[in-house]
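A.B. asks: quick one, fold the following:
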Amino acid sequence: MALVSAFLEILQRPTFGDVIFELIVFTTPIWVAVFVGVLLGWAWKPNWANLNLDFLDSAAKINKGDANNSSLSSTNSGPDYSSSNLENEKSNLVNGDDLKHLHKLVEEKDGGPAWIQMMDRSTSNMSYQAWRRDPPIGPPQYRSRTIYEDATPEMLRDFFWDDEFRSKWDDMLIHAQTLEECPATGQMVVQWVRKFPFFCSDREYIIGRRIWESERTYYCITKGVPCSSVPRRNKPRRVDLYYSSWFIRAAESKRDGRMSACEVVLFHHEDMGIPWEIAKLGIRQGMWGAVKKIDPGLRAYQNQRALSEIPLSPSASMAQINTKVNLVSLQEEEEEKEEARETSSTAVGPSKGENVISPDKQPSGRSFQKILVVGGAIALACSLDRGLLTKAVIFGVARRFAKTGKRL
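C.D. replies: Below is the predicted model of the structure:
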């Protein structure tokens, strides 16, 4: 009854402008609540909303072609091209296919979209550049290149692998545990729990990782892997799609031109379970602040390692078990496969059996989310302001959120 009385009182205002103004003030909290509710509902969408995407990811893994690992060899041994060695190599969670993929990323020959530069910053001890790209399917991908002065590739390799020390400089890591390790190859499976902002639950990661080495150049691969021994829980929420890998080598110092610096090229993407546009905004705003924390952590790690009485941590010891790789053979093999692929595609043409997903076959749930977001934006724009600027900003944000559904 009080609501009706307030509404009638608004209609009795002396001028039409006063009525409109009072209606805007009256309805603004309602539409703001609706819009926020839509965004939060999208961020914590139920599991069934991802069924189609999970199916596509599974199909992509099943259809992934077998790769030849003839250019790989075991640690501290010569090349072994036996079929049994190749079969064992394919059975590893992190194997030669992952090495080849990282090598293509480093050489910018993976066939993905062009990289868009986001940042170029530097301090007295480091310089940092970052890029982003948005693939047709999957979350945004990030690439960064950092030059650390007065550091060796081996020190950076151990530093990024050392979970026991990481908690001293990475304030997002609240738990790290080694689940499996292989003393022969250096492969590890670790569990991480990372702290997220107050409006998100913490995230759990099951990560497989391994290092390849070629003449003091290191390919350090970490990615999400399945693990049946660790059951899923509601909290922390597990992140399945996770990829974070480094290419580490000696670099020329910007101070004196000597090879006393270290170059680290990182490739990273993950699906944290929040809208990608919101994640992109958060990453862009917090990227430099997070990167600046790495250098003080590295210097503290160097100082600790200089103390001979402190033994290496178990994870840092595993970082020193690397698989040798012949990069020349690897590159020649990739070039031969690329030539054969181009010849085959020219002679045969597109395969009729290719799985092409047309826009009209996208999951219907995405369209429903787009309608909710755009509709909420229209209502909010009409309630908040009669000017074109506010409406344009709100509609622009809504369009960017809506486009996210197309890329899921």
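A.B. asks: so where do the helices sit in this structure?
C.D. replies: Chain-ordered helices for the chain, with DSSP state H as the definition, fall at 2-11, 16-43, 51-62, 83-91, 96-107, 153-161, 163-166, 276-292, 294-306, 314-319, 327-348, 364-384, 388-407.
A.B. asks: of the ones you listed, which shows the lowest average pLDDT?
C.D. replies: Per-stretch averages of pLDDT across these put helix 51-62 at the bottom, with a mean of 38.
A.B. asks: quick check: buried residues in stretch 233-252?
C.D. replies: Neighbour counts using 16 or more other CB atoms under 10 Å place 236-251 of stretch 233-252 among the buried residues. Using the backbone N, CA and C atoms, a C-beta is placed for each residue, glycine as well.
A.B. asks: repeat that for stretch 96-107.
C.D. replies: Within stretch 96-107, the residues that qualify as buried are Gly96, Asp97, Asp98, Leu99, Lys100, His101, Leu102, His103, Leu105, Val106, counting by 16+ other CB under 10 Å.
A.B. asks: ok, the longest strand along the chain: who's next to it in the sheet?
C.D. replies: Under DSSP state E, the strand in the chain containing the largest number of residues is strand 203-214. Paired strands of strand 203-214, with direction, are strand 188-194 (antiparallel), strand 217-224 (antiparallel), strand 237-239 (parallel), strand 323-324 (parallel) (DSSP bridges).
A.B. asks: would you mind telling me which of those strands is nearest Met155?
C.D. replies: With distances scored as CB to CB, the stretch of the strands paired with strand 203-214 nearest to Met155 is strand 217-224 (11.1 Å).
A.B. asks: may I have that closest one exported as PDB, CA atoms only?
C.D. replies: Once side chains and other backbone atoms are set aside, the C-alpha atoms of strand 217-224 remain, and they are given as PDB (Å, rounded to 0.1, in the frame of the first residue of the first chain):
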ATOM      1  CA  THR A 217      67.500 -23.000 -23.100                       C
ATOM      2  CA  TYR A 218      64.600 -24.300 -21.100                       C
ATOM      3  CA  TYR A 219      61.000 -25.200 -22.100                       C
ATOM      4  CA  CYS A 220      59.000 -25.300 -18.800                       C
ATOM      5  CA  ILE A 221      55.500 -26.600 -19.300                       C
ATOM      6  CA  THR A 222      52.700 -26.600 -16.700                       C
ATOM      7  CA  LYS A 223      49.100 -27.400 -17.600                       C
ATOM      8  CA  GLY A 224      45.900 -28.700 -16.000                       C
END
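A.B. asks: ok, Val225 - contacts?
C.D. replies: Taking CB atoms under 8 Å, 6 or more residues apart in numbering, we find Val225 in contact with Leu93, Val94, Val189, Ile206, Ile207, Gly208.
A.B. asks: roughly how far does it sit from Ile278?
C.D. replies: Between Val225 and Ile278 the distance, using CB to CB, to the nearest Å, works out to 27 Å.
A.B. asks: Arg13 too?
C.D. replies: Applying CB to CB, the value for Arg13 to Ile278 is 39 Å.
A.B. asks: can you check Phe21 too?
C.D. replies: To Ile278, Phe21 is 32 Å away according to CB to CB.
A.B. asks: ok, back up a step: between which two of the buried residues of stretch 233-252 is the distance greatest?
C.D. replies: Farthest apart among those by CB to CB are Arg237 and Ala250. That separation is 39.3 Å.
A.B. asks: isn't Arg238 up against Ile207?
C.D. replies: No. Counting by CB atoms under 8 Å, Arg238 sits too far from Ile207 to count as a contact (11.3 Å).
A.B. asks: and Phe160, how many residues sit next to it?
C.D. replies: Around Phe160 there are 24 other residues, counting by other CB atoms under 10 Å.
A.B. asks: cool, and Asn326?
C.D. replies: The tally of other residues near Asn326 (other CB under 10 Å) stands at 16.
A.B. asks: do the same with the one 3 residues further on
C.D. replies: For Ser329, the neighbour count with other CB under 10 Å is 14.
A.B. asks: also the one 10 residues further on?
C.D. replies: Summarising burial for Glu339: neighbours were counted as other CB under 10 Å, giving 10.
A.B. asks: how about the one 3 residues further on?
C.D. replies: Counted by other CB under 10 Å, the residues lying close to Glu342 total 10.
A.B. asks: Asp150 and Met259 touch, don't they?
C.D. replies: No. Using CB under 8 Å as the test, Asp150 is too far from Met259 to be in contact (11.5 Å).
A.B. asks: which neighbours do these two share?
C.D. replies: Shared between the contact lists of Asp150 and Met259 (criterion: CB under 8 Å, 6+ apart) are residues Ser253.
A.B. asks: higher neighbour count, those two?
C.D. replies: In this view Asp150 and Met259 are compared by other CB under 10 Å, and Asp150 has more residues nearby, 14 against 11.
A.B. asks: next one: the more buried one from Ala261, what distance?
C.D. replies: From Asp150 over to Ala261 (counting by CB to CB), the distance is 7 Å.
A.B. asks: re earlier: and the contacts of Val225, which is closest to Trp169?
C.D. replies: Trp169 lies nearest to Ile207 out of these, by CB to CB, at 18.2 Å.
A.B. asks: show me what contacts that closest one?
C.D. replies: The contact partners of Ile207, by CB under 8 Å, 6+ apart, come to Val189, Val190, Gln191, Trp192, Thr222, Lys223, Gly224, Val225, Tyr242.
A.B. asks: of those residues, which is the most crowded?
C.D. replies: Thr222 (24 neighbours).
A.B. asks: so what's the nearest residue to that residue once chain neighbours are set aside up against?
C.D. replies: The spatial neighbour of Thr222 that comes closest, neighbours along the chain excluded (CB to CB, 6 or more residues apart in numbering), is Arg209 at 4.0 Å. Residues in contact with Arg209 (CB under 8 Å, 6+ apart) are Val94, Trp161, Gln187, Met188, Val189, Val190, Cys220, Ile221, Thr222, Lys223.
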